[in-house]
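**Q** pasting the sequence and the predicted model now:
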Amino acid sequence: MKKQFYLLLFLCSSTLLTAQSGLRVGAHNGLHFSTLQFSGSDALDVNSTTQPLLGYRVGMLLELPIHAGFCLRTGGDFVLSGTKQDLPFSGYSSKLKVYSFQAPVMLTYSRQYFFVGAGGYGSIAWMGTFETTINKAVFSDLGVPNFKTLSFGSSANNDFSRMDYGMIAELGLRYKYFELSGYYLHGIRNINPAASEYRVSVKNRSVGISLSFICTL
């Protein structure tokens, strides 16, 4: 856990260590729809019943010019993501929420009012909850809890892995000190810690918009 946290701190501070004239700093916040993608021979057809969860991200960003419109962009965000699930005609619905710290590293290209970027991200989950609404007449004997706190770790007894990583892309408009962008996050790591026992892959997906205030030092 400590090694993973130090790695994210390094990613966030790397541009500061090489700072030069033209460094841009800012803050942003945004909304996104996130979900979990299930696959594997032991997975039920849960993707047909999962629905996007409305979440958010808020944090800071750093942008270091490289050459001819190209920049290295990084930062750090607090993120709420997860998924929902509804089973029609059964009276069962669930909501899974994960709170994490996320650090993207992207190569961006800007041209006057337009910019585009792509790269990778790493994140560490620090808290999560699972809530259910159940029709007791249908699920009276299942013993499914209405609320539980998620556990994170590498053991098969944990709900999810704490560490995640993947790819991220962003496309936006820039005017003076403001940026409006859309982004897509595609998780690569299987965050199911029991994957060796149950052949189920669980990966993060999200798409959202972000509003940023950014200035040049």
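**A** Structure's in. What do you need?

**Q** gap between residue 30 and residue 179?
**A** Residue 30 sits 11 Å away from residue 179, going by C-beta to C-beta, to the nearest Å. C-beta here means a position set from N, CA and C on the backbone, and glycine is covered the same way.

**Q** so what sits against both of these two?
**A** Common neighbours of residue 30 and residue 179, counting by C-beta atoms under 8 Å, 6 or more residues apart in numbering, are 210-211.

**Q** hmm, who's touching the helix or strand containing residue 182?
**A** Residue 182 belongs to strand 178-187 when assigned by DSSP states H and E. Applying C-beta under 8 Å, 6+ apart, the external contacts of strand 178-187 come out as 26, 28, 30, 32, 34, 37, 115, 121, 164-173, 203-214.

**Q** let's see which of those residues end up in strands.
**A** 26, 28, 30, 32, 34, 37, 115, 121, 164-173, 203-214 (DSSP state E).

**Q** generate a ChimeraX selection restricted to the buried subset of those residues.
**A** Restricted to buried positions by 16 or more other C-beta atoms under 10 Å, the ChimeraX selection for these reads:
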select :26,28,30,32,34,37,115,121,164,166,168,170,172,203,204,205,206,208,210,212,214
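
**Q** quick one, helices of the protein?
**A** Taking DSSP state H to define them, one finds helices in the chain at 2-17, 136-139.

**Q** the last one - what's its average pLDDT?
**A** Taken as a whole, helix 136-139 carries a mean pLDDT of 47.

**Q** repeat for stretch 24-42
**A** The average pLDDT for stretch 24-42 rounds to 89.

**Q** repeat that for stretch 161-175.
**A** Mean pLDDT, computed over stretch 161-175, is 97.

**Q** also stretch 121-130?
**A** 96.

**Q** low-confidence ranges, this protein, go.
**A** Low-confidence segments of the chain, defined by pLDDT under 70: 1-21, 41-48, 87-91, 134-145, 196.

**Q** and the contacts of stretch 158-167?
**A** 1, 4, 98, 100, 118-126, 128, 130, 150-154, 185-194, 202-204.

**Q** picking that back up, for the strand holding residue 182, C-alpha coordinates in CSV please.
**A** Extracted as CSV, the C-alpha positions of strand 178-187 are listed here (Å, rounded to 0.1, in the frame of the first residue of the first chain):
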residue,chain,number,x,y,z
PHE,A,178,-10.8,28.0,-18.8
GLU,A,179,-11.0,24.5,-20.3
LEU,A,180,-14.1,22.4,-21.1
SER,A,181,-13.3,18.8,-22.0
GLY,A,182,-14.7,15.3,-22.3
TYR,A,183,-12.7,12.3,-21.3
TYR,A,184,-12.9,8.5,-21.4
LEU,A,185,-11.2,6.1,-18.9
HIS,A,186,-10.6,2.5,-19.9
GLY,A,187,-9.3,0.3,-17.0
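
**Q** and it, which strands flank it?
**A** strand 163-175 (antiparallel), strand 201-216 (antiparallel) (DSSP bridges).

**Q** and residue 69, which of the ones you listed is closest to it?
**A** Closest of the strands paired with strand 178-187 to residue 69 is strand 163-175, at 11.7 Å (criterion: C-beta to C-beta).

**Q** pull the distance from that closest one to the chain's centre.
**A** Relative to its parent chain, strand 163-175 has a centroid offset of 10 Å by C-alpha atoms, centre = their mean, to the nearest Å.
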